[in-house]
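S.K.: structure of the sequence below:
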Amino acid sequence: MLYALLVGINDYLNPEIPPLQGCIHDVNSMKNFLERHIGEEKTRIQMLLNQDAIYANLIAGFREHLIQAEQGDLVLFYYSGHGTQVGSAPEFEKYFPGGKDEALVCHDSLAEDGFTLTDKELAVLVSEIAEKKAEIVLIMDCCHSGSLTRAIKQDKKQQVRVRFTSSHNKQRTLESYLYGYFKKRQLDSIPRSQHLLMAGCEKTQTAKELNMDGQPSGIFTKTLIKILSLVNGQISYSDLFTQCRAQVKTIVMDQDPQFEKFEHFDPHKLFLSKKKIMTKRYSIRFNQGNWMMEHGLVYGMPNTPEKPVDIAIYSAAPGDEERIGYAEVCTAGMKISEITLEEGVELDKEKTYKGEIISLPVHPLNVYVHGDKNNIEKLIKLFPDYIHKVSEEIPSQYGVEVKHNAYRIYNRNNQTNILYEKSFDSANIQQIYFLTHQLTKIENWERLLKLTNQNAQLDYDHFSVVFSTMDKEYWVDGSLIELVSQKQDEQWQDFPFSVKVKNDLNRNLFCCLLYFGKDFSISGLYNDKIVMNSDFIVIDDEHKLGLPDDLTIKEVTDHFMIVISTESLDSFVYEQPGVSLYKEEISRDLFKKPRIKNDWYIKHLWIKTIRGH
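M.R.: Below you'll find the predicted structure:
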């Protein structure tokens, strides 16, 4: 049985909260899909729309409707509306030093002392249902943070409406949370329980709605239901995340859906189902005093992750699907990684087990942040986990300076600006989130650029890559290729080029060509199979290199990465727009829009174009 609570709010009691347009439509679309996919007889759906979606009714929806779920049942809470931040009770400061609650805006929130439904209250409500052993999924098509204004963004083709409302600094009292829940318990803890959160955007972004097919709708909800409908719901949460994030990017670039699992929620299960998609599992053995898993950097495992990689452990016996326990990766090797068993998990050192990865963290980017103290403090509080503030003496390539109501992201090595905004208000949460999102792009660009496999088993010399331009061929071996541009007919010479590859091995391989733009964009130019013992295959011949019009720039270096793998690759996973001031489109340094078409290794193609004399 599925118990669902669907909440949609277009209109708010507080006249200062601007109305939305697509939330009611979102709820109806979700309800229709659930009834088609699961069946009306197997669903118990409660909807709270507009004036019915008050604070008290949302809580009652959890404690009176969703609480009916028993072990084996499914629970869905769906919310479409405004998100915001509000001042947190002082007692939470030692646990959450930011002093803010992330919150859903109910119909009566922020009107005559009406309360928002905070993340801390949601944690309690979800935990109460989790005690019944039901599987819980939360879908939020809203921003989990606020801004001083609710924006209407215009692009050339369509109107985009952002789902956030102003941040509110007024602090709540401890007894106001869930009718005194924390006050009665003297704030002993905030419960954690197993569930999956599917959010319309990352914390540093805004969730948007626009007119699609003649009807206002949330971009995230519309995309989510479209994908689910195409496969009749037969898709795992992990695959749904990958496809949804990619498709949202085709509509609006600065919105990346975020899925977060809590307490070992299994992302390989089918959407709102107990069925599971079988994923690759890796052998776990006790060797030389440590538990080791045959999986490492060569397969994409992060190196020395800040957050441990979560591993589910199973018996190696065929057909035995009973989960034994969990472990965390403590040291990621190239092909084999050391793991630490979770407390209470005991394994037989003479047996072999199977491990399944159910989470992957990211590397942090060290950034030197300096300038006005008050502005810096507000900025640091909103840094994501993978961006770390470091002091001046700590080596880091990038810096952020906030000074005189302006900010800049710059390269510390040469002091050149990467991004400069001369009008900066640290009270504008949207501006701070936008800044941190640009740092996220830099972090991702740097991390992928450093991807390497020193222990590749494939023969490096039996997969050839050739770069050709102006009737000259260069065999790609990692060396820098230099091109000299001469002035011809008052124009500086451009270099049309092609890249071709040849697979001399007795096995098929997959090849992905990525271009790393100077603005920190990443573009996928080719992604396909290269058959064994092939002749040369051209993988890109639609671009040209050259110098910018700025004559003070004497040379530029372009970087391409060729990933060769025994397994298929998804180039869109790597793609991202460049760092820029409020631009929605990918900015490419190449002069023409490209076509888009695990032993692995990488070949780097560096090309320097120099202005001649």
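S.K.: okay, residue 113: pLDDT?
M.R.: Residue 113 carries a pLDDT value of 77.
S.K.: do the same with residue 301
M.R.: As predicted, residue 301 sits at a pLDDT of 69.
S.K.: residue 192 and residue 263 touch, don't they?
M.R.: Yes - between residue 192 and residue 263 there is a contact at 5.8 Å, judged by C-beta atoms under 8 Å. Backbone N, C-alpha and C define where each C-beta goes, glycine included.
S.K.: how about the helices in the chain?
M.R.: For the chain, the helices defined by DSSP state H occupy 23-37, 55-60, 119-130, 181-184, 219-230, 237-249, 373-381, 429-449.
S.K.: for this structure, what helix or strand is lowest in average pLDDT?
M.R.: Lowest mean confidence among the helices and strands of the chain (mean pLDDT, DSSP states H and E): strand 152-154, at a mean of 28.
S.K.: ok, residue 611 - contacts?
M.R.: The contact partners of residue 611, by C-beta atoms under 8 Å, 6 or more residues apart in numbering, come to 485, 492, 547, 551, 553, 554, 555.
S.K.: switch to 6 Å and redo it
M.R.: 485, 547, 554 (C-beta atoms under 6 Å, 6 or more residues apart in numbering).
S.K.: state the distance from the residue of the chain positioned farthest from its centre to residue 214.
M.R.: Within the chain, residue 489 marks the point farthest from the mean C-alpha position, 47.5 Å out by C-alpha atoms, centre = their mean. With distances taken as C-beta to C-beta, to the nearest Å, residue 489 is found 51 Å from residue 214.
S.K.: quick check: end-to-end length of stretch 409-427?
M.R.: Terminal residues of stretch 409-427 lie 19 Å apart, using C-alpha to C-alpha, to the nearest Å.
S.K.: ok, stretch 463-482 next?
M.R.: Taking C-alpha to C-alpha, stretch 463-482 runs 23 Å from one end to the other.
S.K.: next one: stretch 276-286
M.R.: Terminal residues of stretch 276-286 lie 28 Å apart, using C-alpha to C-alpha.
S.K.: buried residues of that stretch, list them for me.
M.R.: Residues 277, 281, 282, 284, 285 are the ones in stretch 276-286 that count as buried (16 or more other C-beta atoms under 10 Å).
S.K.: quick one: which of these is nearest to residue 392?
M.R.: residue 282 (42.3 Å; C-beta to C-beta).
S.K.: number of residues surrounding the spatially closest residue to the closest one that is not a sequence neighbour?
M.R.: Nearest non-adjacent residue to residue 282, counting by C-beta to C-beta, 6 or more residues apart in numbering: residue 295, 4.0 Å away. Close neighbours of residue 295, defined as other C-beta atoms under 10 Å, add up to 27.
S.K.: any idea how far residue 295 is from residue 566?
M.R.: For residue 295, the distance to residue 566 - C-beta to C-beta - is 15 Å.
S.K.: which ones are touching residue 118?
M.R.: Neighbouring residues of residue 118 by C-beta under 6 Å, 6+ apart: 101, 103.
S.K.: partners of it in the sheet?
M.R.: Counting by DSSP bridges, residue 118 is bridged to residue 103.
S.K.: what's the pLDDT at it?
M.R.: With respect to pLDDT, residue 118 scores 90.
S.K.: just residue 411 next, same as before
M.R.: Predicted confidence (pLDDT) for residue 411: 94.
S.K.: and it, how far from residue 315?
M.R.: Distance of residue 411 to residue 315, computed by C-beta to C-beta: 51 Å.
S.K.: what does the pLDDT read for the residue nearest the centre of the chain?
M.R.: Centre of the chain computed as the mean C-alpha position; nearest residue by C-alpha atoms, centre = their mean is residue 258, 5.2 Å away. pLDDT recorded at residue 258 is 83.
S.K.: residue 392 too?
M.R.: For residue 392, the pLDDT comes out at 80.
S.K.: ok, now residue 465?
M.R.: On pLDDT, residue 465 comes in at 95.
S.K.: equivalent analysis for residue 592, please.
M.R.: The confidence metric pLDDT takes the value 46 at residue 592.
S.K.: cool, and residue 522?
M.R.: At residue 522, the pLDDT value in this model is 89.
S.K.: what of the one 3 residues further on?
M.R.: The predicted local distance difference test score for residue 525 is 90.
S.K.: so it touches residue 513, yeah?
M.R.: Yes - the pair residue 525 / residue 513 is scored as a contact, 4.5 Å apart, by C-beta atoms under 6 Å.
S.K.: can you list residues touching both of the two?
M.R.: Joint contacts of residue 525 and residue 513 (C-beta under 6 Å, 6+ apart) are residue 540.
S.K.: nearest spatial neighbour of residue 310, chain-adjacent residues omitted?
M.R.: Of all residues not flanking residue 310 in the chain, residue 359 sits nearest, at 4.0 Å (C-beta to C-beta, 6+ apart).
S.K.: if I look at that neighbour, how far off is residue 445?
M.R.: Distance from residue 359 to residue 445, by C-beta to C-beta: 23 Å.
S.K.: repeat for residue 609
M.R.: Distance from residue 609 to residue 445, by C-beta to C-beta: 20 Å.
S.K.: ditto for residue 67
M.R.: Here the criterion is C-beta to C-beta. By it, residue 67 lies 46 Å from residue 445.
S.K.: more neighbours: these two, which one.
M.R.: residue 445 (21 against 18).
S.K.: tally of neighbours for the closest residue to the more buried one other than its chain neighbours?
M.R.: Once flanking residues are discounted, residue 445 sits nearest to residue 520: 4.4 Å by C-beta to C-beta, 6+ apart. When neighbours are counted by other C-beta under 10 Å, residue 520 registers 24.
S.K.: OK, contacts around residue 520?
M.R.: 441, 442, 445, 578, 579.
S.K.: now for the first one: which residues touch it?
M.R.: Read it as residue 441. By C-beta under 6 Å, 6+ apart, the contact list for residue 441 reads 520, 576, 579.
S.K.: and residue 410, how far is that from residue 368?
M.R.: Here the criterion is C-beta to C-beta. By it, residue 410 lies 10 Å from residue 368.
S.K.: find the residues that touch each one of these two.
M.R.: Contacts common to residue 410 and residue 368, judged by C-beta under 6 Å, 6+ apart, are residue 399.
S.K.: which residues are in contact with stretch 171-182?
M.R.: The contact list for stretch 171-182 (C-beta under 6 Å, 6+ apart) reads 87, 89, 91, 121, 124, 183.
S.K.: make it 10 Å
M.R.: With C-beta atoms under 10 Å, 6 or more residues apart in numbering as the test, stretch 171-182 has contacts from 56, 59, 62-63, 86-92, 99-101, 103, 113, 115-118, 120-122, 124-125, 128, 183-184, 186-190.
S.K.: and the buried ones among the residues you listed, selectable in PyMOL?
M.R.: A single PyMOL command is used to select the members of these judged buried by 16+ other C-beta under 10 Å:
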select buried, resi 59+62+86+88+89+92+100+101+103+115+116+117+118+120+121+122+124+125+128+183+187
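S.K.: low-scoring stretches of the stretch 251-400 of the chain, by residue?
M.R.: 278, 297-307, 333-335, 360-364, 382, 384-386, 393 (pLDDT under 70).
S.K.: go again using 50 as the cut-off
M.R.: Applying pLDDT under 50 to the stretch 251-400 of the chain picks out residues 298, 361.
S.K.: from the buried residues of stretch 276-286, which ones fall inside strands?
M.R.: Of the positions in the buried residues of stretch 276-286, 282, 284, 285 sit in strands, assigned by DSSP state E.
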